[in-house]
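Asker: Provided below are the primary sequence and the corresponding predicted coordinates.
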Amino acid sequence: MSPRFSSFFTPVLLAVLTFFAGLTVMAQNNAAPANPPQAPSASSSSYEDQPSKVDVFAGYSFLSPNGAINGNKGITKGFTVASSYWLNKYLGGVIETGSHFGDINTFNTVTAGPTFRIPLQGLSPFGLATFGINREAPNGLPSKTGFGFTGGGGFDLHVIKRLDIRLIEAEYEYSHHNFPNPAGGSSLRDNPGAVKISAGLVFHFGTIGPPPPPPSASCSVQPTDVFAGEPVQVTVQPSNFDPKRTLTYTYTATGGKVNGTGPTVNVDTTGLNAGSYTVTANVSDGKKGTASCNASFNVKQNQPPTISCSANPTTVKPGDTSQISCQGQSPDNRPLTYKHEASAGNITPNGANAALNTQGAQPGPITVTSTVTDDRNLSANTQTTVTVEAPPPPPPPPPQASKINQIEFPNKVKPWRVDNTAKAILDDVALRLQREPDSRLVIVGSQDPTEKRKNLDAERAVDSKFYLTNDKGIDPNRIECRSGGTAGKVAEFWIVPAGATYPGSEPVVDESKIKPIPDHPAPKPRGRRTTAKKPTT
């Protein structure tokens, strides 16, 4: 290696290595953290800014060689073609070839090596260091192919998605050649160090990794169910937009008025009918990035309140008070007011409750109508009935004893005898006693002043009782016999209800002394002689 090449190549190589080290540190510093914070409005990059996988450069090239053969002269006729394959966003490999056709020298190169780039917004610096072969063809000498090195860098200007303009690529090109000496002797050694300036077009193919998702947006509304007049907030969440671009928002709605132009707006629902409505949001970054989304909200039907009431007590005496208790509810959770009216009496409201005073009201039902109304003038009512009792009737007269019938004793031979006519009457008396088990019977026996039989009035009462108890099964404790009546040849029958008192003052018959007289007394048994039988053996 010539001293001149060494003095130039060494600092160039050190500069390239230093640049690559700085690029590595930059790539590490720019690497995304494990859990990067996500911006709510955009993703990290768009498809347009995604670095390419393969680049192909083709353009004009100027070479200014500095060699020992044929002197120094810039070559204005030349081109360079390079193909780069990128391993990641920053590093890759490149194959570069070029030809320069001068008047006294011609150079052809094919080299390969590492390359790097810094993909910025709109402008991408790059650098390379390649090694390969270099062919030199000086006039008057045979062409020779030897070692070649090229190193340098430049800037690419982004134009469209697949095309950049290489503004400049400045390189140092070194080669080593040995030519035969036309004069004889040792060979001619040429190690030209050239400056190469190129410019042209860079074509991009593919991308590093999968292409980023296209811009998108999601919409949400809060709340989703409202009543007409209540506001609805719409929030738009954009994604995958270029974070360096300003987003604009436009809105349309199937109902209501949208107020605002940012990612969060309000919808005025005043005057909307019950039903479902949709808000559509359109997001744009001012270029090709657009997205839209929509969300729906529901305007609810206004529901009237409900009310239920009860009275305590439901039945009152005239002049008493009944408490009316009501419970109102609003399905829409609206504030409520109450009103109470009564068809009679005086009503005193107390919020949801009321007091009904029945002073002056006529006996019968009183209707209390209670109405509940919300702040939208929607109402409901219900009726509660309070019954005013009629005044109690006067107490019934106390029970009194009454004469229900009598029987006669026409038999002169047996003036105490209860004949069949009397028995028919006594049968009715027995039925009356059976129907009125709590009543008693007083029998008052009488006799005519012309009748001389002693105790005949008492016997008539006792014989009547005997028929009722013996033939009709009436409890004897329910029948009381009295004597001394003045009605003649009769026995009177008085029903004495429970709680009543017999009004007469006739003496009570002593039934232990006055016994009933049988209608047909049984004959006395006659005595019989009996002969004892001898026992048989």
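Answerer: Sure thing, it's come through.

Asker: Run through the stretch 251-400 of the chain and note the low-pLDDT ranges.
Answerer: Regions of the stretch 251-400 of the chain meeting the criterion pLDDT under 70 are absent.

Asker: Could I get the full set of helices for it?
Answerer: For the stretch 251-400 of the chain, no helices are identified by DSSP state H, counting those that start in this stretch.

Asker: Which residue ranges of it form strands?
Answerer: Using DSSP state E, counting those that start in this stretch, the strands of the stretch 251-400 of the chain run over 257-259, 264-268, 275-284, 290-299, 306-312, 315-316, 321-329, 336-342, 346-350, 353-357, 364-374, 379-388.

Asker: Please name whichever of those is nearest to T130.
Answerer: Closest approach to T130 among these (CB to CB): strand 290-299, 42.6 Å. Any C-beta I mention is one placed from the backbone N, CA and C, and that applies to glycine too.

Asker: neighbouring contacts of that closest one?
Answerer: 214-221, 223-228, 232, 234, 236, 238-239, 241, 255, 267, 269, 272-284 (CB atoms under 8 Å, 6 or more residues apart in numbering).

Asker: What about N411, how many residues nearby?
Answerer: Per other CB atoms under 10 Å, the neighbour tally for N411 reads 12.

Asker: brain fart, L141
Answerer: L141: 18 neighbours (other CB under 10 Å).

Asker: Tell me what the nearest residue to it once chain neighbours are set aside is bridged to.
Answerer: Closest residue to L141 apart from its sequence neighbours, by CB to CB, 6 or more residues apart in numbering: F179 at 5.0 Å. Note on F179: beta-bridge partners L188, judged by DSSP bridges.

Asker: number of nearby residues for F179?
Answerer: When neighbours are counted by other CB under 10 Å, F179 comes out with 18.

Asker: Now do the helices in the chain.
Answerer: All helices of the chain, identified by DSSP state H, fall at 3-30, 420-435, 456-466.

Asker: From the contact counts, what lies against the last one?
Answerer: Using 3 or more CB pairs under 8 Å, 6 or more residues apart in numbering; DSSP states H and E as the contact criterion, the secondary-structure elements in contact with helix 456-466 are strand 440-446, strand 479-485, strand 490-496.

Asker: orientation of it relative to strand 479-485 in degrees?
Answerer: Here helix 456-466 points in a direction 160 degrees away from that of strand 479-485 (axes from the mean of the first three to the mean of the last three CA atoms, to 10 degrees).

Asker: follow-up on the earlier one: just the buried residues out of the contacts of strand 290-299, in ChimeraX syntax.
Answerer: Selection of buried members from the contacts of strand 290-299 for ChimeraX, criterion 16 or more other CB atoms under 10 Å:
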select :215,216,217,219,221,226,227,228,232,234,236,238,239,241,255,267,269,272,277,279,280,281,282,283,284
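
Asker: Go through stretch 434-442 and flag the buried ones.
Answerer: Buried residues in stretch 434-442 (16+ other CB under 10 Å): S439, R440, L441, V442.

Asker: Name the nearest residue to G255, sequence neighbours excluded.
Answerer: With CB to CB, 6+ apart as the criterion, G255 has its nearest non-adjacent residue at 3.9 Å, and that residue is Y277.

Asker: pLDDT wise, what is the spatially closest residue to I197 that is not a sequence neighbour at?
Answerer: Once flanking residues are discounted, I197 sits nearest to F62: 4.7 Å by CB to CB, 6+ apart. Per-residue pLDDT puts F62 at 93.

Asker: wait, F62 sits on K73?
Answerer: No: in this structure, F62 is not within contact of K73 by CB atoms under 8 Å, at 11.9 Å.

Asker: circling back: how about CSV for the buried residues of stretch 434-442, with distance to K465 and pLDDT added?
Answerer: As requested, the buried residues of stretch 434-442 are exported to CSV (distance: CB to CB, whole Å; pLDDT from 0 to 100):
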residue, distance to K465, pLDDT
S439, 15, 95
R440, 12, 96
L441, 8, 95
V442, 10, 96
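
Asker: Pull the most distant pair out of the residues you listed.
Answerer: Farthest pair in the buried residues of stretch 434-442 (CB to CB) is S439 and V442. Separation: 10.4 Å.

Asker: Now for these two: what residues contact both?
Answerer: V496.

Asker: Provide the contact partners of stretch 60-69 at residue level.
Answerer: Contacts with stretch 60-69, where a contact means CB under 8 Å, 6+ apart, come from 72-76, 78-80, 98, 100, 102, 105, 107, 136, 138, 141, 173, 177, 179, 188-200.

Asker: now with 6 Å?
Answerer: 72, 74-76, 78-80, 98, 100, 138, 190, 192-199 (CB atoms under 6 Å, 6 or more residues apart in numbering).

Asker: With stretch 357-368 instead?
Answerer: Outside stretch 357-368, the residues within contact range by CB under 6 Å, 6+ apart are 316, 319-321, 324, 342-346, 356, 383-388, 390.

Asker: and what of stretch 474-481?
Answerer: By CB under 6 Å, 6+ apart, stretch 474-481 touches A430, L433, R440, L441, V442, I443, A461, V462, K465, L468, T469, V509.

Asker: Which of those residues has the largest number of neighbours?
Answerer: A461 (31 neighbours).

Asker: Am I right that it is in contact with G445?
Answerer: Yes: in this structure A461 lies within contact range of G445 using CB atoms under 6 Å: 3.3 Å.

Asker: Spit out the residues that contact the two alike.
Answerer: In contact with both A461 and G445: A491, using CB under 6 Å, 6+ apart.

Asker: quick one: which of F62 and K73 has more around it?
Answerer: A direct count of neighbours by other CB under 10 Å for F62 and K73 places F62 higher, at 17 against 14.

Asker: G262 versus the more buried one, what's the distance?
Answerer: 54 Å (CB to CB, to the nearest Å).

Asker: need the contact list for K53.
Answerer: Contact analysis of K53 by CB under 6 Å, 6+ apart lists W86, G206, T207, I208.

Asker: among these, which ones are buried?
Answerer: In these, burial by neighbour count holds for W86, T207, I208, counting by 16+ other CB under 10 Å.

Asker: of all the residues you listed, which comes closest to V372?
Answerer: Using CB to CB, T207 comes nearest to V372 of these, at 68.4 Å.
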